[in-house]
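Student: Got a predicted structure plus its sequence, pasted below:
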Amino acid sequence: TSRHLLDSDRVLMIPALGTLRGLIIDFNNSTMPNVEQFLGIEYGTYSKRFEPSKERTNFESRNGFVKKMDQYGPACIQKIWTKVELLKIGRTEKWIDDYYLKRLLPHIMNQSENCLYLNIYQPLVKRNMGHTDALLPVLFFIHGDNDMGSGNVYDGSLLASMGHMVVVTINYRLGILGFLHIPNTPLRGNYGLMDLYTGLHWVKNFIRYFNGDPNQITIFGHGTGANLASLLLTMDTVNVFHVDSEYVIIIEKRVSLAWKTGESPVENQGFL
């Protein structure tokens, strides 16, 4: 399906966030609604390493300022692998050439510890400014890729258009910066998991302004993301979301006890 990008001539005014402008994905297809995307929305922040993130709600608020959401936020800190290194750990040449080098790598070269950003893709429908009529179901997508990658890799435009839903992709802290736990120290671990929890809070509070229904949020994870989706069920989500309208889709595998045991401390120590 051919498509091209257009600057949106609409602005989205959201209390506590400010005024945002997105991009239009024009599919040039009468059977597929166009999609409006808002890229690089900062959903969370933290003041120092190894602490839980907090929800970010205070964007630029001066009168007349419109924040253009047309660029992905940086990926979270992670190792950039060479082809030789990936072959040594068992990755196939096809996976390396077709996925890592062509699809994933371009989206992770720009990295930062300030990486808690999400992207929103919504079918282009009349703005209802948060009223509950005609709100669309929401798909909250958690990427996998085993401590690699970013939500930026996954363009939700086509799925949003064909599925008539709002798609959210998200970054979360990876590797030791996201999951380091040292017993008998303040380093409790699971900071990446808490980032996702913060992101869900953000979506619950603000997705209605993007025509999403906060009471129809489906968590969708594959690979590592599937494990994290499973773990989110053990947290306080039942008190935050309506249990009868909260769904989880798990692709590939479920969580296991040894899942997050690190095996490469020497490789990872450079991040510290």
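Tutor: Noted; the coordinates are in hand. Numbering: from 1, shown residues only.

Student: What segments of the chain are strands?
Tutor: 4-7, 12-14, 18-21, 23-26, 35-42, 44-45, 54-55, 67-68, 117-123, 136-142, 166-170, 212-222, 246-251 (DSSP state E).

Student: Is there a neighbour count for Leu135? I'd like the number.
Tutor: 19 (other C-beta atoms under 10 Å). From N, CA and C alone the C-beta is placed, and that goes for glycine too.

Student: Pretty sure it sits against Gly212.
Tutor: Yes. Using C-beta atoms under 8 Å, Leu135 makes contact with Gly212 at a distance of 6.3 Å.

Student: Okay, and the beta partners of the residue nearest the centre of the chain?
Tutor: Residue closest to the average C-alpha location in the chain (C-alpha atoms, centre = their mean): Ile170, at 0.6 Å. Using DSSP bridges, the bridge partners assigned to Ile170 are Leu118.

Student: Hmm, Ser150 and it touching each other?
Tutor: No. Look at Ile170 against Ser150 with C-beta under 8 Å: they stay out of range, at 9.1 Å.

Student: Can you work out which residues contact both of the two?
Tutor: Common contacts of Ile170 and Ser150 (C-beta atoms under 8 Å, 6 or more residues apart in numbering): His143.

Student: rewinding a little: switch the strands of the chain over to a markdown table; also include distance to His107 and mean pLDDT.
Tutor: Supplementary listing: the strands of the chain in a markdown table, determined by distance: least, C-beta to C-beta, whole Å; pLDDT from 0 to 100:
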| stretch | distance to His107 | mean pLDDT |
| --- | --- | --- |
| strand 4-7 | 17 | 63 |
| strand 12-14 | 25 | 87 |
| strand 18-21 | 22 | 88 |
| strand 23-26 | 17 | 90 |
| strand 35-42 | 12 | 95 |
| strand 44-45 | 19 | 96 |
| strand 54-55 | 24 | 94 |
| strand 67-68 | 20 | 88 |
| strand 117-123 | 11 | 97 |
| strand 136-142 | 14 | 96 |
| strand 166-170 | 11 | 98 |
| strand 212-222 | 16 | 92 |
| strand 246-251 | 20 | 65 |
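
Student: okay if I get those strands as a markdown table plus distance to Leu86?
Tutor: As requested, the strands of the chain are exported to a markdown table (distance: least, C-beta to C-beta, whole Å):
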| stretch | distance to Leu86 |
| --- | --- |
| strand 4-7 | 32 |
| strand 12-14 | 41 |
| strand 18-21 | 38 |
| strand 23-26 | 32 |
| strand 35-42 | 28 |
| strand 44-45 | 30 |
| strand 54-55 | 35 |
| strand 67-68 | 36 |
| strand 117-123 | 26 |
| strand 136-142 | 23 |
| strand 166-170 | 24 |
| strand 212-222 | 19 |
| strand 246-251 | 22 |
